[in-house]
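Peer 1: Below is the sequence, then the predicted model.
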Number of protein chains: 2
Amino acid sequence: MAKVIIIGGGPAGCEAAHQLASQGIDVELVEKNNETGGNLNNWYQLFPDRKFAKDLNDILKQNLNHPKIQLHLGMEPRKIEKNKEGKFLVPLSDGSLLEGDSLLVSTGFKIFDARRKEEYGYGIYENVITSVELENMFYNHSIKMANGNTPKRIGIIHCVGSRDEKVCNYHCSKLCCITGVKQAIELRELLPDTEIFCFYMDMRMFGPGYEEMYREAQEKYNIKFVRGRLSEAAENLNKQLQIKVEDTLVGKPLRMTLDMMVLLVGMESSEGSRQMADTLGLNLAPNGFIKSQDPHYRNNNTNVEGVFVAGCGSAPMNLTDTLADARSAAMNIIEYIKRI
Amino acid sequence: MAKVIIIGGGPAGCEAAHQLASQGIDVELVEKNNETGGNLNNWYQLFPDRKFAKDLNDILKQNLNHPKIQLHLGMEPRKIEKNKEGKFLVPLSDGSLLEGDSLLVSTGFKIFDARRKEEYGYGIYENVITSVELENMFYNHSIKMANGNTPKRIGIIHCVGSRDEKVCNYHCSKLCCITGVKQAIELRELLPDTEIFCFYMDMRMFGPGYEEMYREAQEKYNIKFVRGRLSEAAENLNKQLQIKVEDTLVGKPLRMTLDMMVLLVGMESSEGSRQMADTLGLNLAPNGFIKSQDPHYRNNNTNVEGVFVAGCGSAPMNLTDTLADARSAAMNIIEYIKRI
């Protein structure tokens, strides 16, 4: 009986496990945390339809209740080997050993550590938060400054840790722009009298309904979009943030005082992806994500026969694309297993 | 024996046919043209890796040589019915009748008709061409103006027919920006002494390696990117194009003379998609593309049980995403067939 080992229980890993199990294939799903869902656990509502992340997460979790799926929570793989018969031997952190015919790497992404952009003041000034922390505030329906007051002017900063050679990330994280638009609208709903600004380089509305949501944010929700890059932030005596932005539309620097600043933190290759690349000898792209064999036809294949990749391990992608990519990887694995 | 009818033989339809047939399912693939490949037939090289479109097209075509796949070229479906047993009855234009358990709509997209932006002068001025026509010039390795001369200054216009309420298209076509970058680089290689400008609103580099290609276009290939929207073009006595662009970065209108203007024409819902929506009662999104049941978990499902959608019928997407989407749809169809 064919068996597939999946490393990483985020949306891609869960969906691939479900699809493979539905086709009668045994699945061992290894997740380092004590629950599945990965970064989806940090989100409150999804773009562009504002559905609850939890509802999607619940579907993905329920699908794992399948006799063909063995879940290994709180486990990490150690050094993986491929034996002479082409089987993958995966020792886990609890000392057990898994053996499978194929391996799916769905190790997702890591959120950029905003402390690395020191000039933005995250971890230094109390009213600088990340987009992930803002999601948690949405979850609690309460947007407050550190002193408990309601912010009267909020700035959302795009491209934090993305498209930025200073932090060695040339790549675009793709999802921050639409996340910024969604969060601006959610802020407006909770804080009707607050001024809300988005500071962006290019508004990358790439998915269905995204452009329409961006337009709505301007026309219906009165969000102000300023094209410009934040150069620095400092705190005044009132704990407000004084920022300097190069507004490239009017061609001169802009100074402004904010009560709260939200950093749209980008996506980087996860440690799990790097560990997998290391132990399996997978090629990495220049941006650190796992390199697929061919960007068009073999996007789920890696340079190692029998090892596949799905989801944000290979590139930033939204949930729709992540789930499609997981099913695509599952199809490729089914084909591979038939062949061996 | 289960049978699936696929309407549309572009990349999505071909890949889904191949995957379904590989799983032992009979496939009837209906394509209105006399060859498969759809819009891929119009392209010379792919972004971002500059592979030849023909090579990918050949793989997709070869995969159709499968005993489980019946190809119907030069055929269109007439009024489709679903009978009491849940079977789909699809009469074809040659009078034959297909019967299947499930239907996949992979009717792709239509290229925006540039004549609808009359102020850009396509079809009026001889040196205004579309990005599709430029691909054909690349195919012939020859970039010439109508009078046979080499253009000394070329302008590439982004967002033609996209993000434009004047032509009732609010949506972003997603692929034009990176196509513009790719074409600018190809032009530079063929015409080392020509000035090349891209006029854009936002540079939407959403895929792996796109941002890096955009950077390279500026740094290595000396392509000039101007943020601004073309308002009008006129021809002078020398058949040059005098354009007026609102350069939103310096905040004033820019006038310039070009020898050739390339319009990056956007993507619209195809007539095939609209016909399928009409005959099957499929919901359409406000932008005219086929509306999926849920943008996250059921992106290949439509509002009609047993009818699925894959590829650009539901939204503009690149080839990587189109092929993943096709495999995702195939997985969903396999699950559906098991269930009925």
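Peer 2: Structure's in. What do you need?
Peer 1: any weak-confidence spans in the stretch 151-300 of chain A?
Peer 2: A:249 (pLDDT under 70).
Peer 1: Okay, helices next: where are they in it?
Peer 2: A:176-190, A:210-219, A:271-280 (DSSP state H, counting those that start in this stretch).
Peer 1: check contacts around A:E335.
Peer 2: Neighbouring residues of A:E335 by C-beta atoms under 8 Å, 6 or more residues apart in numbering or on different chains: B:19, B:22. Every C-beta, even on glycine, is put in place using the N, C-alpha and C of the backbone.
Peer 1: Now with 10 Å, please.
Peer 2: Going by C-beta atoms under 10 Å, 6 or more residues apart in numbering or on different chains, A:E335 touches B:18-19, B:22-23, B:327.
Peer 1: Now the strand or helix carrying it: buried residues?
Peer 2: Per DSSP states H and E, A:E335 falls inside helix A:319-339. By neighbour count on 16 or more other C-beta atoms under 10 Å in any protein chain shown, the buried set for helix A:319-339 is A:319-334, A:336-337.
Peer 1: So which of those residues reach chain B?
Peer 2: A:319-332, A:334 (C-beta under 10 Å from any C-beta of the partner chain).
Peer 1: Name the nearest of the residues you listed relative to B:C168.
Peer 2: A:T320 (25.0 Å; C-beta to C-beta).
Peer 1: what's near enough to touch the residue nearest to the closest one when sequence neighbours are not counted?
Peer 2: Counting by C-beta to C-beta, 6 or more residues apart in numbering or on different chains, B:N299 is the residue found nearest to A:T320 once chain neighbours are left out, at 5.1 Å. Applying C-beta under 10 Å, 6+ apart to B:N299 gives the contacts A:208, A:319-321, A:323-324, A:327, B:292-293, B:308-310, B:314-315, B:325, B:328-329, B:332.
Peer 1: in the stretch 1-150 of chain A, which spans are strands?
Peer 2: A:3-7, A:26-31, A:69-73, A:81-82, A:88-91, A:97-100, A:102-105, A:109-111, A:128-130 (DSSP state E, counting those that start in this stretch).
Peer 1: then the longest one to CSV, C-alphas only?
Peer 2: What it means is strand A:26-31. The C-alpha coordinates for strand A:26-31 follow below in CSV (Å, rounded to 0.1, in the frame of the first residue of the first chain):
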residue,chain,number,x,y,z
ASP,A,26,-2.0,6.3,3.4
VAL,A,27,-0.8,9.6,4.7
GLU,A,28,1.5,10.5,7.6
LEU,A,29,1.1,14.2,8.3
VAL,A,30,3.8,15.8,10.5
GLU,A,31,3.2,19.2,12.1
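Peer 1: Would you give the sheet partners of that strand, along with the direction of each?
Peer 2: When pairing is defined by DSSP bridges, strand A:26-31 lines up against strand A:3-7 (parallel), strand A:69-73 (parallel).
Peer 1: Bridge partners for the closest residue to A:L254 other than its chain neighbours, pull those for me.
Peer 2: Leaving out its chain neighbours, the residue that sits closest to A:L254 by C-beta to C-beta, 6+ apart is A:D247, at 4.2 Å. On the basis of DSSP bridges, A:D247 is bridged to A:G228, A:K252.
Peer 1: Enumerate every residue touching the residue lying closest to A:Q70 once chain neighbours are set aside.
Peer 2: Of all residues not flanking A:Q70 in the chain, A:E28 sits nearest, at 5.0 Å (C-beta to C-beta, 6+ apart). Counting by C-beta under 10 Å, 6+ apart, A:E28 touches A:3-7, A:17, A:69-72, A:75, A:90, A:92, A:96, A:98-100, A:103.
Peer 1: let's see 6 Å
Peer 2: Neighbouring residues of A:E28 by C-beta atoms under 6 Å, 6 or more residues apart in numbering or on different chains: A:5, A:70, A:98.
Peer 1: My guess is the first one contacts A:D101. True?
Peer 2: What that stands for is A:I5. No. In this structure A:I5 lies outside contact range of A:D101 using C-beta atoms under 6 Å: 8.7 Å.
Peer 1: Of the two, give the one with the bigger neighbour count.
Peer 2: The residue with more neighbours, out of A:I5 and A:D101, is A:I5; 25 against 20, by other C-beta atoms under 10 Å in any protein chain shown.
Peer 1: quick one: that one and A:G311, what's the gap?
Peer 2: 16 Å (C-beta to C-beta, to the nearest Å).
Peer 1: Now do the domain split for chain A, please.
Peer 2: Annotated domains of chain A cover A:3-108+A:270-338, A:111-267 [the TED database].
Peer 1: distance between the ends of the shortest one?
Peer 2: Right, domain A:111-267. 5 Å (C-alpha to C-alpha, to the nearest Å).
Peer 1: Also stretch A:194-204?
Peer 2: End to end - C-alpha to C-alpha - stretch A:194-204 spans 25 Å.
Peer 1: before we move on, the earlier item: compute the inter-axis angle for the helix holding A:E335 and strand A:3-7.
Peer 2: 150 degrees (axes from the mean of the first three to the mean of the last three C-alpha atoms, to 10 degrees).
Peer 1: which bits of the stretch 101-250 of chain A sit near chain B?
Peer 2: For the stretch 101-250 of chain A, the contact set with chain B under C-beta under 6 Å from any C-beta of the partner chain comprises A:170-172, A:174, A:202-206, A:208, A:211-212, A:248-250.
Peer 1: switch to 7 Å and redo it
Peer 2: Proximity of the stretch 101-250 of chain A to chain B (C-beta under 7 Å from any C-beta of the partner chain) is limited to residues A:163, A:170-172, A:174, A:202-206, A:208, A:211-212, A:215, A:248-250.
Peer 1: Buried subset of the residues you listed as a ChimeraX selection?
Peer 2: Filtering those down to the buried ones (16+ other C-beta under 10 Å) takes a single ChimeraX command:
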select /A:163,170,171,172,174,202,203,204,205,206,208,211,212,248
